[in-house]
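[1] predicted model follows, preceded by the sequence.
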Amino acid sequence: MKDKPLELLRALSDYFDTYLVDVKGLSQNTVTSYEYAFQLLYEFMNDAKGLSPEKVTFNSLTGGVIAEYLSWLEIARGCSASTRNQRLAAISSFAKYAVRRSFGDSVGYIKTIM
């Protein structure tokens, strides 16, 4: 299946708008924190990788790219290890959600994240 940016965006939208609140029952503060992790990831992808948000796909988010993102958080943004780990938790949680929901190319994504 061809990897499509809209598939990732659709999955993120469902994840934030429905799953985290309605299914998992997470607080709005937690949802906001998870959303911010992805805002920063998209910023990193644009600035460091030259991929605009509309071009980021599941296949773009390899384990190596996520590792670079986590380093970027600590070095360029001055985040603590705890904050970095919170961002990783958001990414990992989304990966598990995307695979369960059978978003086509998410299988490769979770294999590189986990």
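    Received it, and whenever you're ready, just let me know what you need.

[2] from here on, contacts and neighbour counts on C-alpha atoms
    Fine.

[3] can you pull out the low-pLDDT segments for the protein?
    For the chain, applying pLDDT under 70 flags the ranges 1-3, 5, 102-114.

[4] for the residue most central in space within it, give me its contacts.
    Closest to where the C-alpha atoms of the chain average out (C-alpha atoms, centre = their mean) is Ile91, at 4.2 Å. Taking C-alpha atoms under 8 Å, 6 or more residues apart in numbering, we find Ile91 in contact with Tyr34, Ala37, Phe38.

[5] any of those buried? List them.
    Using 16 or more other C-alpha atoms under 10 Å as the burial test, those include Tyr34, Ala37, Phe38 as buried.

[6] could those go into JSON lines alongside secondary structure and distance to Leu12?
    Converted to JSON lines, these look like this (DSSP: H, G, I helix; E, B strand; the rest coil; distance: C-alpha to C-alpha, whole Å):
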{"residue": "Tyr34", "secondary structure": "helix", "distance to Leu12": "10"}
{"residue": "Ala37", "secondary structure": "helix", "distance to Leu12": "12"}
{"residue": "Phe38", "secondary structure": "helix", "distance to Leu12": "9"}
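
[7] nearest to Asn85, of those residues?
    Lowest distance from Asn85 to the buried ones among the contacts of Ile91 (C-alpha to C-alpha) belongs to Ala37, with 10.4 Å.

[8] my guess is the closest one contacts Arg87. True?
    Yes - the pair Ala37 / Arg87 is scored as a contact, 5.1 Å apart, by C-alpha atoms under 8 Å.

[9] what residues of stretch 4-14 count as buried?
    Judged by neighbour count using 16+ other C-alpha under 10 Å, the buried positions of stretch 4-14 are Lys4, Pro5, Glu7, Leu8, Leu9, Ala11, Leu12.

[10] my bad, should have said stretch 68-78
    Tyr69, Leu70, Ser71, Trp72, Leu73.

[11] and what of stretch 13-26?
    Neighbour-count burial for stretch 13-26, counted by 16+ other C-alpha under 10 Å, picks out Tyr15, Phe16, Tyr19, Leu20.
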